[in-house]
Each structure stands twice: as C-alpha cells, then as structure tokens.
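[1] quick check, what structure comes out for this input:
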Amino acid sequence: MMTNLFSTFDPATSLNTSMNWISVSLGIMFLPSMFWLIPSRINLAWMKITSILHNEFKILLKIKKMKGSTLIFISLFSLILSNNFLSLFPYVFSTTSHLVLNLTLALPLWVSFMVYGWINNTIHMLAHLVPQGTPPVLMPFMVCIETVSNIIRPGTLAIRLTANMIAGHLLLTLLGNTGPSMSLTMLNLLIIAQVLLLILECAVAVIQSYVFSILSTLYSSEVN
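    The predicted model follows:
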C-alpha cells in the first residue's frame with residue numbers, strides 16, 4: 001500500500017540506491033537496428049521523422065553555413081521522446097518527471113546560448129532587451145522584464161516537461177488504485193478510461209518532447 005502518492009516517482013530501490021536512473025540509457029537497446037543492412041519499417045519511419053525535424057529546425061535556426069547544427073536538437077528530441085515512452089511501461093522509472101534530469105538538459109543549453117550570444121553578438125543581445133517601438137519612459141522596465149523572462153527560460157522548459165509527465169502518471173496511478181474496490185461493470189469502464197488515458201499520454205510524450213526541442217531551437221536562433 002502506498003503511503004505517499006508521489007512515491008511512484010521515488011528513485012530509490014530496495015537496495016537504497018538510485019539504480020532506477022539507469023533506465024535513461026534503455027533507449028540504447030533500440031540502436032542496433034539502425035545498423036542493419038536492410039532498414040526496418042521502424043527505422044525508415046524514424047529517418048522520415050528526423051528528416052522532417054531537420055528541415056523544420058533548419059528554417060528556425062536560419063544558419064546555412066553550419067551543417068549539422070540541427071543534430072543536437074534532433075538528439076534532444078530523441079532522448080526525451082524515448083524516456084517519455086519508456087516511462088509508460090510498467091516497472092520502468094519515469095525519468096522525465098524529475099526536475100533533476102530536465103534541468104540537466106535545459107540549463108547547459110541555455111548557458112551555452114547565453115555565453116555564445118554575449119561574446120559574439122553583444123549588440124544584438126542588448127537590442128533584444130528593448131523591443132522595437134518601446135517608449136523611452138518604459139525602456140528601464142522593459143529591460144528588467146526581458147532580463148527576468150530570459151533568466152527563467154531553462155526553468156520553464158524543465159517545469160513544463162516535469163508537470164505534464166507527473167500529471168498524467170498521477171492520474172493513471174489514482175485511477176488504477178481504485179480498481180480493486182470497484183464492481184465488474186465499473187471495472188470495465190475503468191479499463192476503457194485507462195486505455196484512453198494511455199493513448200493521451202502517448203500523445204503528450206510526443207508533444208512535450210517536440211515542445212522542449214523546438215523551444216530550445218528558438219532560443220538558440222535568438223543569439224545569432
């Protein structure tokens with residue numbers, strides 16, 4: 001019996017070690033199929049998805065000289081998507097529902113963008129602090145607002161992904177715990193509701209990984 005509802009997200013195991021974090025690397029098990037001589041349908045579908053993402057990120061980045069600049073964002077999308085889907089399987093630790101992992105992904109990206117922008121495009125970064133057409137009286141306030149909104153970007157990226165993953169998993173857990181005390185008719189309705197919620201969570205897993213990577217791409221495009 002769970003003493004705490006959030007114990008489903010507890011990284012500790014029976015050995016009192018955080019071995020559950022190894023599930024982050026479970027996506028590597030799907031990599032060998034990429035090296036087959038004849039690609040599978042899953043491989044062809046994934047190559048199509050990465051091609052679409054590459055074209056979309058390339059338009060946002062507006063960089064023609066730096067080839068392969070979209071690879072980091074495609075890799076970020078792949079990592080978050082694989083972890084989001086793996087967390088839907090029973091007895092697999094939900095890594096993307098923790099701020100530790102999400103901040104580890106968002107914070108280094110944001111810091112690297114800021115360091116690159118302020119060193120190479122200082123005037124461009126200063127111009128971003130005051131939107132075009134701002135009255136002179138409001139300029140000091142706009143600088144403060146833009147600075148705060150810029151600083152909280154990695155936090156909003158991480159919290160958005162964490163909150164969306166936690167909300168769906170908690171709802172599935174709450175409904176699942178009420179199953180033993182239900183009648184047969186209500187149990188059938190509960191199973192249908194759980195299946196529909198699972199489909200919704202699959203959609204959320206794709207959408208949140210896409211949102212995380214597309215926002216990271218937009219933040220990087222602002223420093224160029």
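
[2] so T185, which of the three states?
    What DSSP: H, G, I helix; E, B strand; the rest coil gives for T185 is helix.

[3] tally of neighbours for it?
    8 (other C-beta atoms under 10 Å). The way it works is simple: take the backbone N, C-alpha and C, and place the C-beta from them, glycine included.

[4] same check on G168?
    By the criterion of other C-beta under 10 Å, G168 has 24 neighbours.

[5] which residue sits closest to it in space, ignoring its chain neighbours?
    In space, and not counting its chain neighbours, G168 is closest to E201: 4.4 Å by C-beta to C-beta, 6 or more residues apart in numbering.

[6] so how far is the helix or strand encompassing the one you found off the chain centroid?
    Element membership for E201, per DSSP states H and E: helix 184-221. Chain-centre distance of helix 184-221: 12 Å, with C-alpha atoms, centre = their mean, to the nearest Å.

[7] got the contact list for the residue nearest to G168?
    Contact analysis of E201 by C-beta atoms under 8 Å, 6 or more residues apart in numbering lists 88, 168-169, 172.

[8] again with S23
    Contacts of S23 (C-beta under 8 Å, 6+ apart): 83, 86-87, 92-93, 95.

[9] same list, these, but as TSV with secondary structure and neighbour count please.
    Below are those laid out as TSV (DSSP: H, G, I helix; E, B strand; the rest coil; neighbours: other C-beta atoms under 10 Å):
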residue	secondary structure	neighbour count
N83	helix	25
L86	helix	20
S87	coil	20
V92	coil	14
F93	coil	22
T95	helix	26
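
[10] and what about P39, helix, strand or coil?
    Under three-state DSSP, P39 comes out as coil.

[11] mind putting the contacts of E201 into CSV with secondary structure?
    Shown next, in CSV, are the contacts of E201 (three-state DSSP):
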residue, secondary structure
L88, coil
G168, helix
H169, helix
L172, helix
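
[12] circling back: A127: which of the contacts of S23 is nearest?
    Nearest to A127 among the contacts of S23, counting by C-beta to C-beta, is N83 at 37.2 Å.

[13] lowest-pLDDT helix or strand in the chain?
    The helix or strand with the lowest mean pLDDT-type score in the chain, counting by mean pLDDT, DSSP states H and E, is helix 122-128 (a mean of 79).

[14] if you count neighbours, what's buried in it?
    Of all the residues in helix 122-128, those buried under the rule 16 or more other C-beta atoms under 10 Å are M125.

[15] number of nearby residues for A205?
    Residues near A205, counting by other C-beta under 10 Å: 23.

[16] ok, the one 10 residues further on next?
    When neighbours are defined as other C-beta under 10 Å, L215 has 17 of them.

[17] repeat that for M142.
    Around M142 there are 14 residues (other C-beta under 10 Å).

[18] three-state assignment of it?
    helix.

[19] just checking, it touches T134?
    Yes - with contact defined as C-beta atoms under 8 Å, M142 reaches T134; the gap is 5.2 Å.

[20] before we move on, the earlier item: in CSV, list the contacts of E201 along with distance to N102 and pLDDT.
    Listed next are the contacts of E201 as CSV, based on distance: C-beta to C-beta, whole Å; pLDDT from 0 to 100:
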residue, distance to N102, pLDDT
L88, 17, 86
G168, 15, 86
H169, 14, 85
L172, 20, 85
